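In: Using only what follows, build the 3D model:
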Amino acid sequence: MTARLLATVCLACLTAAPALANKVFVSNERGNSVTVLDSETWEVLTEFAAGNRPRGITISPDGSMLYVCASDDDLVRVFDTDTYEEIHTLPSGPDPELFILHPDGNPLYIANEDDNLVTVVDTETHQVLAEVPVGVEPEGMGISPDARFVVNTSETTNMAHFIDTEDFQIKYNVLVDQRPRYAQYSADGTKLFVTSEIGGTVSVMDIAEDGAPTLVHKISFEVPGVLPEWLQPVGAKVTSDGKLLFVALGPSNRVAVVDAETYEVLEYIIVGQRVWQLDFTPDEKYLLTTNGNSNDITVIDVEKLEAIKSIQVGEQPWGVVVAPDA
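Out: Numbers count the residues shown, from 1 in each chain. From the prediction side, this is the model:
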(Lines give C-alpha, C1' and ligand atoms only; values in the text may rest on other atoms or scores of the structure.)
Protein backbone atom coordinates (compact mmCIF):
# COMPACT_ATOMS: atom_id res chain seq x y z
CA MET A 1 0.00 0.00 0.00
CA THR A 2 1.41 3.38 -0.96
CA ALA A 3 2.00 6.05 1.67
CA ARG A 4 -0.64 8.26 0.10
CA LEU A 5 -3.24 5.48 0.09
CA LEU A 6 -2.40 4.56 3.68
CA ALA A 7 -2.85 8.18 4.76
CA THR A 8 -6.21 8.31 2.96
CA VAL A 9 -7.40 5.13 4.69
CA CYS A 10 -6.27 6.43 8.10
CA LEU A 11 -8.04 9.72 7.54
CA ALA A 12 -11.23 7.93 6.55
CA CYS A 13 -11.05 5.83 9.70
CA LEU A 14 -10.63 8.89 11.85
CA THR A 15 -13.51 10.67 10.14
CA ALA A 16 -15.80 7.68 10.54
CA ALA A 17 -14.99 7.17 14.21
CA PRO A 18 -17.82 8.18 16.55
CA ALA A 19 -17.28 11.04 18.97
CA LEU A 20 -16.10 9.88 22.37
CA ALA A 21 -18.42 10.50 25.28
CA ASN A 22 -17.22 12.48 28.26
CA LYS A 23 -17.93 11.67 31.86
CA VAL A 24 -20.01 14.16 33.82
CA PHE A 25 -19.44 14.40 37.58
CA VAL A 26 -22.09 15.89 39.88
CA SER A 27 -21.51 16.55 43.59
CA ASN A 28 -24.57 15.84 45.75
CA GLU A 29 -24.39 18.11 48.77
CA ARG A 30 -26.94 16.34 50.95
CA GLY A 31 -26.39 12.87 49.51
CA ASN A 32 -22.64 12.93 50.35
CA SER A 33 -21.91 11.44 46.96
CA VAL A 34 -20.85 12.08 43.37
CA THR A 35 -23.01 10.91 40.48
CA VAL A 36 -21.28 10.00 37.20
CA LEU A 37 -23.08 10.28 33.86
CA ASP A 38 -22.27 9.59 30.19
CA SER A 39 -22.43 12.78 28.09
CA GLU A 40 -23.55 10.90 24.97
CA THR A 41 -26.37 8.74 26.34
CA TRP A 42 -26.98 10.89 29.47
CA GLU A 43 -27.28 7.67 31.44
CA VAL A 44 -26.12 7.47 35.05
CA LEU A 45 -23.02 5.27 35.16
CA THR A 46 -22.53 5.10 38.91
CA GLU A 47 -22.65 7.00 42.18
CA PHE A 48 -19.92 6.89 44.82
CA ALA A 49 -19.35 8.24 48.33
CA ALA A 50 -17.42 11.54 48.35
CA GLY A 51 -17.19 12.59 51.98
CA ASN A 52 -19.42 14.87 53.99
CA ARG A 53 -21.22 17.67 52.16
CA PRO A 54 -19.41 17.65 48.81
CA ARG A 55 -19.79 20.95 46.96
CA GLY A 56 -17.05 22.42 44.76
CA ILE A 57 -15.80 19.97 42.14
CA THR A 58 -13.18 20.07 39.38
CA ILE A 59 -10.95 17.82 37.27
CA SER A 60 -7.22 17.81 36.59
CA PRO A 61 -6.20 19.01 33.10
CA ASP A 62 -5.37 15.47 31.97
CA GLY A 63 -8.75 14.21 33.20
CA SER A 64 -7.29 11.60 35.55
CA MET A 65 -8.19 13.10 38.94
CA LEU A 66 -11.40 14.50 40.38
CA TYR A 67 -11.12 17.07 43.17
CA VAL A 68 -14.06 17.47 45.56
CA CYS A 69 -14.53 20.01 48.36
CA ALA A 70 -15.75 17.88 51.29
CA SER A 71 -16.98 20.90 53.21
CA ASP A 72 -17.90 19.22 56.49
CA ASP A 73 -14.66 17.18 56.47
CA ASP A 74 -12.55 20.36 56.15
CA LEU A 75 -10.49 18.89 53.33
CA VAL A 76 -10.38 18.20 49.60
CA ARG A 77 -10.83 14.60 48.50
CA VAL A 78 -9.13 13.41 45.31
CA PHE A 79 -10.54 10.50 43.28
CA ASP A 80 -9.43 8.47 40.28
CA THR A 81 -11.84 9.33 37.43
CA ASP A 82 -11.69 5.77 36.06
CA THR A 83 -11.97 3.65 39.19
CA TYR A 84 -13.66 6.25 41.46
CA GLU A 85 -11.32 5.18 44.24
CA GLU A 86 -10.05 7.87 46.59
CA ILE A 87 -6.38 8.51 45.83
CA HIS A 88 -5.55 10.92 48.64
CA THR A 89 -6.77 14.06 50.38
CA LEU A 90 -5.48 17.61 50.34
CA PRO A 91 -5.48 19.99 53.30
CA SER A 92 -7.72 23.04 53.34
CA GLY A 93 -9.03 25.47 55.90
CA PRO A 94 -12.42 25.02 57.57
CA ASP A 95 -15.44 24.58 55.33
CA PRO A 96 -13.97 24.58 51.81
CA GLU A 97 -16.73 25.44 49.37
CA LEU A 98 -15.30 26.41 45.99
CA PHE A 99 -11.83 26.20 44.49
CA ILE A 100 -10.01 26.80 41.23
CA LEU A 101 -7.19 24.74 39.78
CA HIS A 102 -4.20 26.32 38.04
CA PRO A 103 -4.41 25.57 34.28
CA ASP A 104 -1.26 23.44 34.65
CA GLY A 105 -2.91 21.38 37.39
CA ASN A 106 -0.88 22.81 40.28
CA PRO A 107 -1.55 24.52 42.66
CA LEU A 108 -5.14 24.46 43.90
CA TYR A 109 -6.69 27.66 45.28
CA ILE A 110 -9.40 27.00 47.89
CA ALA A 111 -11.97 29.37 49.41
CA ASN A 112 -12.42 28.58 53.11
CA GLU A 113 -15.68 30.13 54.20
CA ASP A 114 -15.27 29.83 57.97
CA ASP A 115 -11.82 31.36 58.44
CA ASN A 116 -11.77 34.11 55.77
CA LEU A 117 -8.79 32.66 53.94
CA VAL A 118 -7.85 31.45 50.49
CA THR A 119 -5.63 28.40 50.97
CA VAL A 120 -3.09 27.57 48.26
CA VAL A 121 -2.16 23.89 48.13
CA ASP A 122 0.50 22.09 46.09
CA THR A 123 -1.32 19.19 44.42
CA GLU A 124 1.86 17.12 44.14
CA THR A 125 3.47 17.55 47.56
CA HIS A 126 0.11 18.09 49.33
CA GLN A 127 1.65 20.99 51.25
CA VAL A 128 0.01 24.33 51.99
CA LEU A 129 1.93 26.99 50.09
CA ALA A 130 0.10 30.03 51.43
CA GLU A 131 -2.92 31.25 53.34
CA VAL A 132 -4.23 34.55 51.99
CA PRO A 133 -6.50 36.64 54.27
CA VAL A 134 -9.51 37.90 52.32
CA GLY A 135 -12.95 39.29 53.15
CA VAL A 136 -15.65 37.71 55.30
CA GLU A 137 -17.09 34.41 54.04
CA PRO A 138 -14.98 33.79 50.92
CA GLU A 139 -16.94 31.89 48.31
CA GLY A 140 -16.27 32.17 44.58
CA MET A 141 -12.94 31.44 42.90
CA GLY A 142 -11.80 32.34 39.40
CA ILE A 143 -8.45 32.43 37.62
CA SER A 144 -7.30 34.55 34.70
CA PRO A 145 -6.45 32.62 31.50
CA ASP A 146 -2.79 33.59 31.89
CA ALA A 147 -2.94 32.41 35.54
CA ARG A 148 -1.53 35.73 36.72
CA PHE A 149 -4.43 36.46 39.07
CA VAL A 150 -6.80 34.42 41.17
CA VAL A 151 -10.07 36.13 42.08
CA ASN A 152 -11.91 35.39 45.30
CA THR A 153 -15.36 36.77 46.14
CA SER A 154 -16.29 37.39 49.78
CA GLU A 155 -20.00 37.03 50.51
CA THR A 156 -20.27 39.38 53.47
CA THR A 157 -17.63 41.94 52.47
CA ASN A 158 -19.20 42.08 48.97
CA MET A 159 -15.86 42.30 47.23
CA ALA A 160 -13.83 40.64 44.52
CA HIS A 161 -10.22 40.24 45.65
CA PHE A 162 -7.50 39.92 42.98
CA ILE A 163 -4.64 37.78 44.31
CA ASP A 164 -1.28 37.77 42.52
CA THR A 165 -0.30 34.13 41.95
CA GLU A 166 3.41 34.93 42.22
CA ASP A 167 3.52 36.43 45.72
CA PHE A 168 -0.02 35.60 46.95
CA GLN A 169 -0.73 39.24 47.74
CA ILE A 170 -4.02 41.01 47.05
CA LYS A 171 -3.36 43.66 44.40
CA TYR A 172 -6.92 44.92 43.75
CA ASN A 173 -10.27 44.95 45.53
CA VAL A 174 -13.52 45.74 43.71
CA LEU A 175 -16.81 46.34 45.51
CA VAL A 176 -19.72 44.45 43.94
CA ASP A 177 -23.34 43.83 44.95
CA GLN A 178 -24.56 41.85 47.91
CA ARG A 179 -23.38 38.26 48.39
CA PRO A 180 -21.06 37.62 45.42
CA ARG A 181 -21.03 33.95 44.52
CA TYR A 182 -19.00 33.25 41.40
CA ALA A 183 -16.21 34.78 39.32
CA GLN A 184 -15.78 33.90 35.65
CA TYR A 185 -13.22 35.30 33.21
CA SER A 186 -13.81 35.41 29.46
CA ALA A 187 -11.49 33.08 27.54
CA ASP A 188 -9.39 35.98 26.27
CA GLY A 189 -9.02 37.41 29.78
CA THR A 190 -10.39 40.84 28.89
CA LYS A 191 -13.56 40.59 31.00
CA LEU A 192 -14.57 39.26 34.39
CA PHE A 193 -18.14 38.49 35.42
CA VAL A 194 -19.05 38.33 39.14
CA THR A 195 -22.50 37.12 40.20
CA SER A 196 -24.20 38.58 43.27
CA GLU A 197 -26.90 36.30 44.68
CA ILE A 198 -28.77 38.73 46.95
CA GLY A 199 -27.93 41.82 44.91
CA GLY A 200 -29.52 40.14 41.90
CA THR A 201 -26.86 41.35 39.47
CA VAL A 202 -23.76 40.34 37.55
CA SER A 203 -20.91 42.85 37.79
CA VAL A 204 -18.89 43.21 34.59
CA MET A 205 -15.25 44.28 34.77
CA ASP A 206 -12.89 45.20 31.99
CA ILE A 207 -9.44 43.73 32.60
CA ALA A 208 -6.37 45.71 31.51
CA GLU A 209 -3.23 44.09 30.11
CA ASP A 210 -1.61 44.24 33.54
CA GLY A 211 -4.63 42.51 35.08
CA ALA A 212 -6.14 45.61 36.68
CA PRO A 213 -9.96 45.51 36.84
CA THR A 214 -12.42 48.32 36.10
CA LEU A 215 -16.11 47.92 36.92
CA VAL A 216 -18.00 48.95 33.77
CA HIS A 217 -21.52 47.54 34.01
CA LYS A 218 -24.04 45.64 36.11
CA ILE A 219 -26.43 43.20 34.48
CA SER A 220 -29.85 42.87 36.12
CA PHE A 221 -32.69 40.43 35.47
CA GLU A 222 -36.47 40.65 35.19
CA VAL A 223 -38.96 37.87 34.46
CA PRO A 224 -42.73 38.56 34.30
CA GLY A 225 -44.51 36.71 37.08
CA VAL A 226 -41.32 35.93 39.00
CA LEU A 227 -40.58 37.81 42.22
CA PRO A 228 -37.37 39.86 41.97
CA GLU A 229 -35.99 38.23 45.12
CA TRP A 230 -36.13 34.84 43.38
CA LEU A 231 -33.75 36.01 40.64
CA GLN A 232 -30.55 35.10 42.42
CA PRO A 233 -27.44 34.87 40.19
CA VAL A 234 -25.13 32.06 41.28
CA GLY A 235 -23.09 30.00 38.78
CA ALA A 236 -21.98 31.51 35.47
CA LYS A 237 -20.21 30.37 32.30
CA VAL A 238 -19.05 32.22 29.17
CA THR A 239 -18.71 30.60 25.76
CA SER A 240 -15.12 30.41 24.52
CA ASP A 241 -15.86 32.88 21.71
CA GLY A 242 -16.91 35.44 24.33
CA LYS A 243 -20.36 35.94 22.83
CA LEU A 244 -22.74 34.39 25.37
CA LEU A 245 -22.88 34.45 29.15
CA PHE A 246 -25.08 31.90 30.94
CA VAL A 247 -26.17 32.70 34.51
CA ALA A 248 -27.90 30.31 36.92
CA LEU A 249 -30.69 32.20 38.70
CA GLY A 250 -31.25 30.00 41.77
CA PRO A 251 -34.84 29.68 43.04
CA SER A 252 -36.32 31.25 39.90
CA ASN A 253 -35.55 27.89 38.22
CA ARG A 254 -34.11 29.66 35.19
CA VAL A 255 -30.83 30.17 33.38
CA ALA A 256 -30.38 33.62 31.84
CA VAL A 257 -28.71 33.91 28.45
CA VAL A 258 -26.86 37.21 28.11
CA ASP A 259 -25.12 38.82 25.16
CA ALA A 260 -21.64 39.05 26.66
CA GLU A 261 -20.74 42.02 24.46
CA THR A 262 -23.84 44.25 24.83
CA TYR A 263 -24.97 42.79 28.21
CA GLU A 264 -28.54 42.44 26.94
CA VAL A 265 -30.51 39.52 28.38
CA LEU A 266 -31.56 37.44 25.36
CA GLU A 267 -33.44 34.55 26.88
CA TYR A 268 -34.53 32.82 30.08
CA ILE A 269 -34.42 29.01 29.95
CA ILE A 270 -36.60 27.12 32.44
CA VAL A 271 -34.68 24.31 34.15
CA GLY A 272 -35.03 22.38 37.41
CA GLN A 273 -35.68 23.73 40.90
CA ARG A 274 -32.98 25.91 42.55
CA VAL A 275 -30.47 25.93 39.71
CA TRP A 276 -27.00 26.40 41.14
CA GLN A 277 -23.86 25.58 39.10
CA LEU A 278 -23.12 25.14 35.39
CA ASP A 279 -20.59 23.52 33.07
CA PHE A 280 -20.18 23.05 29.33
CA THR A 281 -19.30 19.88 27.51
CA PRO A 282 -15.85 20.37 25.88
CA ASP A 283 -17.39 21.12 22.47
CA GLU A 284 -19.79 23.61 24.12
CA LYS A 285 -22.69 21.87 22.42
CA TYR A 286 -24.39 21.37 25.76
CA LEU A 287 -24.58 23.26 29.04
CA LEU A 288 -25.39 21.29 32.19
CA THR A 289 -27.11 22.73 35.27
CA THR A 290 -27.40 21.34 38.81
CA ASN A 291 -30.86 21.73 40.33
CA GLY A 292 -30.68 21.27 44.09
CA ASN A 293 -34.34 21.04 45.03
CA SER A 294 -35.49 18.77 42.19
CA ASN A 295 -32.43 16.50 42.57
CA ASP A 296 -31.63 16.54 38.87
CA ILE A 297 -29.49 18.12 36.19
CA THR A 298 -30.80 19.83 33.07
CA VAL A 299 -29.14 19.52 29.66
CA ILE A 300 -29.34 22.72 27.61
CA ASP A 301 -28.72 22.76 23.85
CA VAL A 302 -26.45 25.78 23.49
CA GLU A 303 -27.18 26.43 19.81
CA LYS A 304 -30.95 26.20 20.23
CA LEU A 305 -30.95 27.84 23.69
CA GLU A 306 -33.43 25.32 25.03
CA ALA A 307 -33.54 22.64 27.72
CA ILE A 308 -33.71 19.21 26.12
CA LYS A 309 -33.39 16.73 28.96
CA SER A 310 -33.58 16.29 32.73
CA ILE A 311 -31.73 13.50 34.55
CA GLN A 312 -32.21 12.48 38.17
CA VAL A 313 -28.99 12.34 40.17
CA GLY A 314 -28.31 12.26 43.93
CA GLU A 315 -29.73 14.29 46.78
CA GLN A 316 -29.32 18.06 46.40
CA PRO A 317 -26.87 18.30 43.49
CA TRP A 318 -24.52 21.28 43.91
CA GLY A 319 -21.55 21.25 41.53
CA VAL A 320 -20.98 19.82 38.06
CA VAL A 321 -17.85 19.29 35.95
CA VAL A 322 -17.38 17.56 32.60
CA ALA A 323 -14.18 15.61 31.95
CA PRO A 324 -11.95 17.09 29.22
CA ASP A 325 -11.51 15.32 25.90
CA ALA A 326 -8.95 12.53 26.03
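
In: after the helix or strand of the chain with the lowest mean pLDDT comes which helix or strand?
Out: The helix or strand of the chain with the poorest confidence is helix 3-16; it has a mean of 43 (mean pLDDT, DSSP states H and E). Toward the C-terminus, helix 3-16 is succeeded by strand 23-28 as the next helix or strand (DSSP states H and E).

In: what's that following strand packed up against?
Out: For strand 23-28, the packing partners by 3 or more C-beta pairs under 8 Å, 6 or more residues apart in numbering; DSSP states H and E come out as strand 33-38, strand 54-59, strand 65-70, strand 317-322. For every residue, glycine as well, the C-beta is placed using N, CA and C.

In: To Pro103, which of those lies closest?
Out: Ranking these by distance to Pro103, with C-beta to C-beta as the measure, places strand 54-59 first at 11.5 Å.

In: what bits of the stretch 1-150 of the chain have low per-residue confidence?
Out: Applying pLDDT under 70 to the stretch 1-150 of the chain flags residues 1-20.

In: Hmm, Thr214 and Leu192 touching each other?
Out: No - with contacts counted by C-beta atoms under 8 Å, Leu192 stays clear of Thr214, the gap being 9.9 Å.

In: which residues do those two both contact?
Out: Common contacts of Leu192 and Thr214 (C-beta atoms under 8 Å, 6 or more residues apart in numbering): Met205, Ile207.

In: the more surrounded of those two?
Out: Leu192 (26 against 12; other C-beta atoms under 10 Å).

In: quick one on the thing from earlier: mean neighbour count and distance to Glu197 for the helices and strands packed on strand 23-28 - can I get that in CSV?
Out: Converted to CSV, those look like this (neighbours: other C-beta atoms under 10 Å; distance: least, C-beta to C-beta, whole Å):
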stretch, mean neighbour count, distance to Glu197
strand 33-38, 22, 24
strand 54-59, 23, 15
strand 65-70, 24, 18
strand 317-322, 25, 14
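
In: Tabulate those strands in TSV, adding columns for distance to Ser203.
Out: Putting the helices and strands packed on strand 23-28 into TSV (distance: least, C-beta to C-beta, whole Å) gives the following:
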stretch	distance to Ser203
strand 33-38	31
strand 54-59	21
strand 65-70	24
strand 317-322	22
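
In: Of these, give the one that comes closest to Leu108.
Out: When the helices and strands packed on strand 23-28 are compared by C-beta to C-beta, strand 65-70 sits nearest Leu108, at 6.7 Å.

In: Buried residues of the helix or strand following that closest one, list them for me.
Out: Once strand 65-70 ends, the next helix or strand along the chain (criterion: DSSP H and E) is strand 75-80. Buried positions in strand 75-80, judged by neighbour count with 16 or more other C-beta atoms under 10 Å: Leu75, Val76, Arg77, Val78, Phe79.

In: Equivalent analysis for stretch 135-155, please.
Out: Neighbour-count burial for stretch 135-155 [16+ other C-beta under 10 Å]: 135, 137-144, 149-155.

In: Now the two most distant members of these.
Out: Glu137 and Ser144 (22.9 Å).

In: Quick one: mean pLDDT for stretch 172-187?
Out: In this model, stretch 172-187 has an average pLDDT of 98.

In: And it, end to end?
Out: Terminal residues of stretch 172-187 are spaced 21 Å apart (C-alpha to C-alpha, to the nearest Å).

In: Tell me how far it lies from the chain's centre.
Out: 14 Å (C-alpha atoms, centre = their mean, to the nearest Å).

In: which of the residues in it are buried?
Out: Here stretch 172-187 shows Tyr172, Val174, Val176, Asp177, Arg179, Pro180, Arg181, Tyr182, Ala183, Gln184, Tyr185, Ser186 as buried, counting by 16+ other C-beta under 10 Å.

In: Which of those residues fall in strands?
Out: Tyr172, Val174, Pro180, Arg181, Tyr182, Ala183, Gln184, Tyr185 (DSSP state E).

In: Who are the contact partners of the fifth one?
Out: Translated: Tyr182. Applying C-beta under 8 Å, 6+ apart to Tyr182 gives the contacts Leu98, Glu139, Gly140, Gly142, Thr153, Val194, Thr195, Pro233, Val234, Gly235, Ala236.

In: Quick check: the fifth one touching Ala160?
Out: I take that to be Thr153. Yes - if you go by C-beta under 8 Å, Thr153 and Ala160 touch, sitting 5.3 Å apart.
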